[in-house]
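Novice: Below: sequence and its predicted model.
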Amino acid sequence: MYKYDGLLTYQEQDEHGLIEIVETDGVRALHFGTQPRQSSMHIDAPDVLHSKYVRAMMAWLIFKERPENVLMIGVGGGLLSKYLLYQFPQCQIKAIEFRQAIVKIARRFFALPLDPRLKVKIGDGAQYIKQQSQQESELHDLIIIDAFDAAGMADTMQGVSLFAACQQLLTQQGMLVVNLWGTNKDLFKQISWEMGTIFDWKVLYLPVRGRGNVIAIAFADGVGTYSMKALKTRAKQLDEEYHIEFIDFIKDLQRNNSKELKRVIKA
């Protein structure tokens with residue numbers, strides 16, 4: 001059976017909706033009963049980041065050497081978790097996924113490994129963040145939020161209280177990375193204001209070329225300013241090492257953050 005211009009190879013329904021696997025020209029994709037791809041992977045290159053927006057979510061690496069203690073909200077196909085495990089042997093990841101069925105799909109169809117460095121918990125990501133922020137819990141040097149459903153961004157993954165809780169769970173040198181849906185202008189403005197208020201406007205936005213996604217990167221209080229010259233040099237090195245378009249990322253960050261840039265990057 002063909003669907004979304006590809007071959008529908010698997011389908012199931014859980015209590016939250018439809019889950020589908022579609023393959024097109026050697027690419028396997030996860031769908032939630034709608035056209036947009038939630039995750040995608042080259043079948044012959046499962047450790048390479050195929051999706052443009054997932055590659056853009058790696059833009060934090062321009063500002064940070066490596067992650068050590070990562071909190072991820074939303075597993076999806078598990079491609080970003082898998083990539084971090086593969087690239088950074090010392091990285092420890094705690095991932096919160098709302099749907100148990102999605103974790104099974106990630107392991108079965110997208111090669112998410114059973115790795116002692118990755119701990120997956122089933123639950124509400126926003127609730128988890130708020131609960132942990134009220135306890136003397138471990139801090140994370142990187143928090144990644146990529147929580148979407150069939151209709152778009154999950155409703156719970158926004159609000160001043162959520163971003164305040166995220167800030168409390170970051171180390172002094174930590175960063176929060178959020179996948180936003182930029183085509184909903186009112187929602188994007190609202191979330192941008194919420195993140196800016198909490199993070200003292202030390203937030204940069206990276207539009208994903210050719211997509212509706214915008215990646216937001218928020219910096220904790222202890223993060224100083226960066227040299228643009230040094231960042232461009234690092235972006236070139238990263239581009240060569242990881243074969244991800246970091247040079248484009250730094251150009252797009254510079255182009256799309258005229259007001260915010262000076263709070264994070266010096267000339």
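Specialist: Right, received. Where do you want to start?
Novice: counting contacts, what elements does the strand or helix carrying residue 190 pack onto?
Specialist: For residue 190, the host element (DSSP states H and E) is helix 185-198. If you count contacts as 3 or more C-beta pairs under 8 Å, 6 or more residues apart in numbering; DSSP states H and E, helix 185-198 packs onto helix 160-168, strand 170-181, strand 203-207, strand 213-219. In this view, the C-beta of every residue, glycine as well, is placed from N, C-alpha and C.
Novice: Nearest to residue 254 among these would be which one?
Specialist: Smallest distance to residue 254 across the helices and strands packed on helix 185-198 (C-beta to C-beta): 9.5 Å, for strand 203-207.
Novice: if we can go back for a sec, kindly export the helix holding residue 190 (C-alpha atoms) in PDB.
Specialist: Output in PDB follows, covering the C-alpha atoms of helix 185-198 (Å, rounded to 0.1, in the frame of the first residue of the first chain):
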ATOM      1  CA  LYS A 185       3.600  33.100  13.800                       C
ATOM      2  CA  ASP A 186       1.500  33.900  16.900                       C
ATOM      3  CA  LEU A 187       2.600  30.800  18.700                       C
ATOM      4  CA  PHE A 188       6.200  31.300  17.700                       C
ATOM      5  CA  LYS A 189       6.100  34.900  19.000                       C
ATOM      6  CA  GLN A 190       4.600  33.800  22.300                       C
ATOM      7  CA  ILE A 191       7.200  31.100  22.900                       C
ATOM      8  CA  SER A 192      10.000  33.400  21.800                       C
ATOM      9  CA  TRP A 193       8.800  35.900  24.400                       C
ATOM     10  CA  GLU A 194       8.600  33.200  27.100                       C
ATOM     11  CA  MET A 195      12.100  31.900  26.400                       C
ATOM     12  CA  GLY A 196      13.500  35.400  26.200                       C
ATOM     13  CA  THR A 197      12.000  36.400  29.500                       C
ATOM     14  CA  ILE A 198      13.400  33.500  31.300                       C
END
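Novice: returning to that earlier point: deepest of the helices and strands packed on helix 185-198, which one?
Specialist: Of all the helices and strands packed on helix 185-198, strand 213-219 carries the top mean neighbour count, a mean of 24, counting by mean count of other C-beta atoms under 10 Å.
Novice: Having no further points to raise, I will conclude here.
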